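S.K.: how would this look folded up:
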Amino acid sequence: DVFTPLTDTLLADRSKINADATAGTVSLSGNAQVMDAADGTATTAPGGATSVRLSGLAEARGTVLGMSLDKMDSVTGQTVVDPKGYLTSLSSVKVATEAEIGDINKARLLLKSVRDTNPKHGPGWIAAARVEEAAGKTHQARKLIQEGCESCPDNEDVWLEAARLHPPEISKTILAAAVRHIPTSVKIFLRAADLEHTDAAKKAVLRKALEANPTSVTLWKAAIELEDANDARILLGVAVEKVPHSVEMWLALARLETHENARKVLNQARKALPADRSIWIAAAKLEEGQGIGSDLVEKIVDKAVRSLAKHEAVVSRAQWLKDAENAEMSGAPLTAAAIVKHTIGIGVDPEDRLRTWADDAAGSKEHGAISTARAILAHALSAFPSKRSLWMQAVELERSNGTKQSLDEVLAAASERLPRVEIFWLVRAKERWMAGNVEGAREVLTEAFAANPDSEQVWLAAAKLEWETGEPERARVLLQRARERAPSARVYMKSALLERENKHYNDALNLIEEGILKYSNFPKLYMMGGQICSEDLARDKQNLELARKFYQRGLQSCPSDSVTLWILASRLEEQAGEFDSSLRGGVTKARSLLELSRLKNPKNPELWVEAIRLERRAGNDKLAVTLMARALQECPTSGLLLAENISTAPRVEQKSKSADAIKKCPDDPRVIAAVASLFASERKHEKARKWFERAVVLDPDLGDSWARYYAFESESGSTVQKERVKERCIAAEPKHGELWCSVMKQMENRQISIGDGLELVAKKIQEQKELATVG
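M.R.: Residues are numbered from 1 along each chain as shown. Okay, the predicted model is just below:
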């Protein structure tokens, strides 16, 4: 560029001209032009230069643009332009950069060299056409691909590319020419059929295609899809003659035929394809679909296995199992069972059969193929009838996926095979009892007695059945017989518990003393004796001493299993003033007992938590904090202590303590539930729900987690969410948890259901929360 310096005078004149431009006229030489208002003519100011009207230029530009649009709209063969959308379309035009243009030119040169070197190379023509298409040169792309068709008339891909680049009507002509050059090209015929708009025209194209390619399975499929059922059957009849190697054609024809004709079709298919198992499986499904028994189905599958082996068709056991699962999914469980029965042992070493078959059954269950899993387990049990693990797997399968009748049948078979295994008798009796069939449960237990006359579990189960169905006298008789025929510490404990529940406290204490004489190292007898004296009898000094003696004897006789005894003894001393108003220093004696217990049972988090709670109940919060610090030093990874630390910490410290607890015990359900309760208190409902869910999944047997979850949903969730938690808790049947046991083991709550117990524990949690808020 050349820059010429201008004088100041010229620059000043230009500025003046720009300022006067609002008048509508400007002289090209810089001289102003004066308009005559009468006739609209322009006069030139001194200087003699010619003037131009700017408004006239704008009008002229609009006129030229309009003429261009009219010309494009009226000329035949050119694209019709929408004047309203013209500017919008201009904004969508892609402007290629110099780099892109350079790349396109390089590609053109390279592909031109390819075409010149080998003009019969179809991919070169296709690539060249696509480069031009990408560059926006559609006309040039069409021209190149037409040259390609002339140079490579036997290349179907070139013809198909030409059809793609042209409009539909021209594409039809191109494909017609292609068919003349390559009459055996299936792709060209299919593309030509796709271009037709009516089924009749598509059928005509495909019939011509089949005349030229009678053995093309793809063309037959395309033609059959356009026909109704009757015409499709006729076409399939011709198709299986032309392409007898197509299994799909045979099976499709068999599905459209009647039962008798389908049999004939499948017989012909077996002759044409003796090494294909799918035809045999289809024959078995056909017979099963007609309601014919399993004998004929098994016969067909057995014959199939032998025929395939004869023709040396290699089919692995995994493939057969997959076929069985597919058969079950298609509604043919008998066929699936027959396949399993005749193929499950293929390629399995004798020593690996039990493990392999158990894994196969578990895998089929995961895939949702329950009948297949059931058949695998049935076959495995026929080979290993005395394997308890297999029977348990079969029971779990029926419990989770079967009916009550099928579960009862499996349990009956398991009890018959393994009569000395009490669990099958007990589960069968419980299932009948839960179904409301008390007499049936009694019958099962009677049979169990005959097979296991000295079984503690059977005696206790029979007593529990009578106990919980409102027959305490029958339960008492059964427990008396149990003490005679199968005496044990648990039998004496249950006998005393029955008397305690019926408020026969002296009988209960006598049974406890009798049990202690025989089983002095069973701590629950001492616990129950102390609880009867301190909770059920009159709260006086005499009963206080009796309770103390029970706990002292227990601590002496059960030194290795006495944590709960220490806790009960400390609570008794803490409440001693309620038995005798003259007694003082209950908290001091309780504190001394707990300190002694920690010396004899070091690193026990339950004792530390009890000591901390004792100080909080006594109002010694600072001492409780000190004890918590010592406890966490001694038991740094105790989930019980960490959860207690979170729930009792000041609000400002709870988050940091939660983070620390999660790092130390990431999978402890008590810690997870405590964190969830923290989120709930902060109104972070979704987070709280997620953490409660994690807690109940980690340990479904912990009732405290279920109760906290239920309390949360009762307060913040919907009725549906609350009931869902309740249903899952009932299914899980939790039996542990501090709060859970404290409520469920109260005498007045022993007969309540899990659902009612869940509501009581949740109510207690809510009351504790309200008390903490008030405090």
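S.K.: and the residue minimising distance to the centre of the chain, what's its pLDDT?
M.R.: The residue lying closest to the centre of the chain (Cα atoms, centre = their mean) is E366, at 12.2 Å. Predicted confidence (pLDDT) for E366: 92.
S.K.: so it versus V395, what's the distance?
M.R.: Separation of E366 from V395 (Cβ to Cβ, to the nearest Å) stands at 18 Å. Glycine gets a C-beta too; all of them are placed from N, C-alpha and C.
S.K.: what does N401 give?
M.R.: Distance from N401 to V395, counting by Cβ to Cβ: 11 Å.
S.K.: looking only at neighbour counts, state which of the two leads.
M.R.: Taking other Cβ atoms under 10 Å, N401 and V395 do not tie; V395 has more neighbours (22 against 15).
S.K.: and that one, what element?
M.R.: According to DSSP states H and E, V395 maps onto helix 388-401.
S.K.: give me the contact list for that helix.
M.R.: The contact list for helix 388-401 (Cβ atoms under 8 Å, 6 or more residues apart in numbering) reads 354, 358, 361-362, 365, 370, 373-374, 377-378, 380-381, 384, 406-407, 410-411, 413-414, 417-418, 421, 423-424, 427.
S.K.: poorly predicted segments of this structure, please.
M.R.: Across the chain, the ranges flagged by pLDDT under 70 are 1-62, 64-101, 293, 585, 772-775.
S.K.: which parts of it are strands?
M.R.: Using DSSP state E, the strands found in the chain span residues 25-27, 33-35, 42-44, 51-53.
S.K.: what is the neighbour count of the closest residue to Q721 other than its chain neighbours?
M.R.: Using Cβ to Cβ, 6 or more residues apart in numbering and skipping the chain neighbours, the partner closest in space to Q721 is E713 (4.9 Å). Counted with other Cβ under 10 Å, residues neighbouring E713 total 24.
S.K.: assess the claim that E713 and E727 are in contact.
M.R.: No - if you go by Cβ atoms under 8 Å, E713 and E727 don't touch, sitting 11.9 Å apart.
S.K.: okay, buried residues for the helix holding V395 please.
M.R.: Residues of helix 388-401 classed as buried by neighbour count (16 or more other Cβ atoms under 10 Å): 390-391, 393-395, 397-398.
S.K.: so who does E447 touch?
M.R.: Residues counted as contacts of E447 (Cβ under 8 Å, 6+ apart) are 415, 425.
S.K.: how close does it get to E312?
M.R.: Distance, E447 to E312, using Cβ to Cβ: 53 Å.
S.K.: show me where the stretch 251-400 of the chain has helices.
M.R.: Ranges of helices in the stretch 251-400 of the chain, per DSSP state H, counting those that start in this stretch, are 259-272, 277-289, 294-310, 317-329, 333-343, 353-366, 370-383, 388-401.
S.K.: list the buried residues of the longest one.
M.R.: Neighbour-count burial for helix 294-310 flags 294, 296-298, 300-301, 304-305, 308 (criterion: 16+ other Cβ under 10 Å).
S.K.: pick out the most distant pair among those.
M.R.: Greatest spacing in the buried residues of helix 294-310, by Cβ to Cβ: S294 and L308 (20.6 Å).
S.K.: show the contacting residues for the residue lying closest to A569 once chain neighbours are set aside.
M.R.: Nearest non-adjacent residue to A569, counting by Cβ to Cβ, 6+ apart: Y551, 4.1 Å away. Contact partners of Y551, counting by Cβ under 8 Å, 6+ apart, are 526, 530, 565, 568-569, 572.
S.K.: inside helices: which ones of those?
M.R.: The helices, defined by DSSP state H, take in 526, 530, 565, 568-569, 572 from those.
S.K.: return the member of the residues you listed nearest to E595.
M.R.: Nearest member of the ones in helices among the contacts of Y551 to E595, counting by Cβ to Cβ, is A569, at 12.6 Å.
S.K.: before we move on, back to that, from the buried residues of helix 388-401, which is closest to F579?
M.R.: Distance to F579 across these (Cβ to Cβ) is lowest for V395, with 50.7 Å.
S.K.: ok, that closest one to L445 distance?
M.R.: Remark: distance between V395 and L445 (Cβ to Cβ) = 18 Å.
S.K.: same check, this time on V761
M.R.: For V761, the distance to L445 equals 31 Å [Cβ to Cβ].
S.K.: neighbours of Q768, just the number please.
M.R.: Using other Cβ under 10 Å, Q768 is surrounded by 13 other residues.
S.K.: also S406?
M.R.: S406 sits with 15 neighbouring residues when counted by other Cβ under 10 Å.
S.K.: kindly report the same for the one 10 residues further on.
M.R.: If you count neighbours by other Cβ under 10 Å, E416 ends up with 12.
S.K.: can you start the count at 328 instead of 1 from here on
M.R.: Happy to do that; since the first residue is 328 now, the last one works out to E743.
S.K.: how many other residues sit next to A970?
M.R.: Residues near A970, counting by other Cβ under 10 Å, number 24.
S.K.: got a list of what it touches?
M.R.: Going by Cβ under 8 Å, 6+ apart, A970 touches 988, 995, 997-998, 1000-1001.
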